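*Asks:* Sequence first, predicted model second:
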Amino acid sequence: MALSASGLEVGDRHSQVVAGDLPRTQLVQYSGASGDYNPLHSDEPFAREVAGYPGVFGHGMLTMAMTGRMLTDWVGDGRLLDYGVRFVAQVWPGDTLTATATVRELGERDGNPIAVLDVATTNQAGKDVVTGTATVRLDP
């Protein structure tokens, strides 16, 4: 079900858990799906000993995709007009991620109602891992 402009107000929020106890296997699956085989995301000894990280970590684009799923779950398919994020912290196996969208502005584009959303995904400690914005088309 798509969002309606008449049922939405500035400040409205929607949150969704997009990853609970993020498994390492999801990182490996995303490598295959995306073609991004950087060993930082799958090779524990490389991540620790060569790169100096505490271990493997998630692809930024995986986190962006999970955040985008929250958006389309909330606003409906085919309604995402613009979407951009900034990767602000790493995502580790075992993290629980919650994505939140907050209505910043309601308006119009090409005669259709839209909402501009602030987007943030946080880990279980409440730390932002992704922040950004999205513009979505609404039903009248």
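*Replies:* Sure thing, it's come through. Residues are numbered from 1 along each chain as shown.
*Asks:* got a list of what A101 touches?
*Replies:* R13, H14, S15, M70, L71, W74, L117, D118, V119, A134 (Cβ atoms under 8 Å, 6 or more residues apart in numbering). Every residue, glycine included, has its C-beta placed from N, CA and C.
*Asks:* same thing but 6 Å
*Replies:* Residues in contact with A101, defined by Cβ atoms under 6 Å, 6 or more residues apart in numbering, are H14, L117, V119.
*Asks:* Which residue comes closest to it once chain neighbours are left out?
*Replies:* Distances taken as Cβ to Cβ, 6 or more residues apart in numbering place L117 nearest to A101, at 4.4 Å, with adjacent residues excluded.
*Asks:* Could you pull out the buried residues of the strand or helix carrying the one you found?
*Replies:* L117 is part of strand 112-122 when elements are defined by DSSP states H and E. By 16 or more other Cβ atoms under 10 Å, the buried positions in strand 112-122 come out as P113, I114, A115, V116, L117, V119, A120, T121, T122.
*Asks:* Alpha carbons only: can I get that strand in CSV?
*Replies:* Extracted C-alpha coordinates of strand 112-122, given in CSV (Å, rounded to 0.1, in the frame of the first residue of the first chain):
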residue,chain,number,x,y,z
ASN,A,112,2.4,15.1,-8.2
PRO,A,113,2.6,15.1,-4.4
ILE,A,114,6.0,14.2,-3.0
ALA,A,115,7.7,13.9,0.4
VAL,A,116,11.3,14.6,1.1
LEU,A,117,12.6,12.3,3.8
ASP,A,118,15.7,12.3,6.0
VAL,A,119,17.0,8.8,6.3
ALA,A,120,19.2,7.2,8.9
THR,A,121,20.2,3.7,9.7
THR,A,122,21.6,3.0,13.2
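*Asks:* Would you map the strands across the protein?
*Replies:* 13-19, 80-87, 97-109, 112-122, 128-137 (DSSP state E).
*Asks:* from the buried residues of strand 112-122, which is closest to V28?
*Replies:* For the buried residues of strand 112-122, the residue nearest V28 by Cβ to Cβ is T121; the value is 20.7 Å.
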